[in-house]
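[1] fold the following for me, if possible:
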Amino acid sequence: MKEKLILFLAIVCGILAMVFNKLYLDGKLRDLNRRFEMEWVVAASKDLASGTVLTEDMVAKTLIPRRATSGCVKPAQLNAVLGQKLRASVPFNTPLMWSCLADRDQRGGGLANMVREGDRAVSIPVDVTSSVTGLVEPNDHVDILGTFTFPSTKGDSQLDTVTLTILQNVTVLATGKQTSASSSAAMMSGQQRGGAYSTVTLLVTPKEAEMLVFAMQKGRLTLTLRSPSDVSSARDLTNINFNYLERKVGEFNENRQERLRGANR
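    Down below sits the predicted model:
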């Protein structure tokens, strides 16, 4: 009995040691990230020769100091570089630079080359407000909200206005006529990137394209900008009308204060 107890305690101690060791290492990694402001970038998963056409199995993610990420391809921009040809070799685990990529337009096809097989590119109208003050850029990821006015379900003559999230985590292919390729080319040549725009082109499925075209005919679409590292999908979103807002506005503010207190701990 004594031997079993000793064995049990040894196992428990071993498990606790593993847990505390993991917590220690995770803490060190967080400290390292805070100290050096590390950021994920796209890197070569093997030695890549000049002239190689990039495929998904040729790249991976790697952490480097944020101060060294200028000109690097970010994970959120991966779709824009797949299928492009390298004009310079990239050694294993070396960050992929925009300057290493051949101009997409030199291979022909322009925007069409950025559309994956089975997907579609569709443009929607935007203004300064609905495009996050015009700060949405090619390769950003956005959510698309729609606001619609329709006859009241109560059967009277009043109108109801509803806002709802139509699509989440959508890739922006172009803002106006500016794509990631034209943007990087302008940046490398020292030119100013494109200014104001009135349309945003999005990468969607055929069914999503149908829904967006219908929605833009019936109401107003607004973009919300996501963090490049945020690939989550919210599942508890509710259609917002005035009655719902009036009931929930206090709860929204309480939840916001809780999040702020948690972030400051």
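[2] look at Ile64 and report its pLDDT.
    With respect to pLDDT, Ile64 scores 85.
[3] same question, Ser180
    On pLDDT, Ser180 comes in at 71.
[4] was I right about it contacting Leu111?
    No - the criterion here is CB atoms under 8 Å, and Ser180 misses it with Leu111 at 10.3 Å. (Each C-beta comes from the backbone N, C-alpha and C, glycine too.)
[5] which one of the two is surrounded by more residues?
    Counted by other CB atoms under 10 Å, Ser180 and Leu111 do not tie: Ser180 has more neighbours, with 24 against 15.
[6] residues contacting the more buried one?
    Shown in contact with Ser180 (CB atoms under 8 Å, 6 or more residues apart in numbering): 77, 80-81, 114, 138-139, 173.
[7] and what of Val170?
    141-144, 202-204.
[8] take the contacts of Ser180 and keep only those in helices.
    Counting by DSSP state H, these place 80-81 in helices.
[9] among the contacts of Ser180, which one has the lowest pLDDT?
    Among the contacts of Ser180, Met114 has the weakest pLDDT, 73.
[10] that one: neighbour count?
    With neighbours defined by other CB under 10 Å, the count for Met114 comes to 26.
[11] repeat for Ala49
    With other CB under 10 Å as criterion, Ala49 counts 9.
[12] per-residue pLDDT of it, please?
    If you check Ala49, the pLDDT there is 89.
[13] OK, contacts around it?
    86, 89.
[14] one more: Leu86?
    Shown in contact with Leu86 (CB under 8 Å, 6+ apart): 48-54, 100-102.
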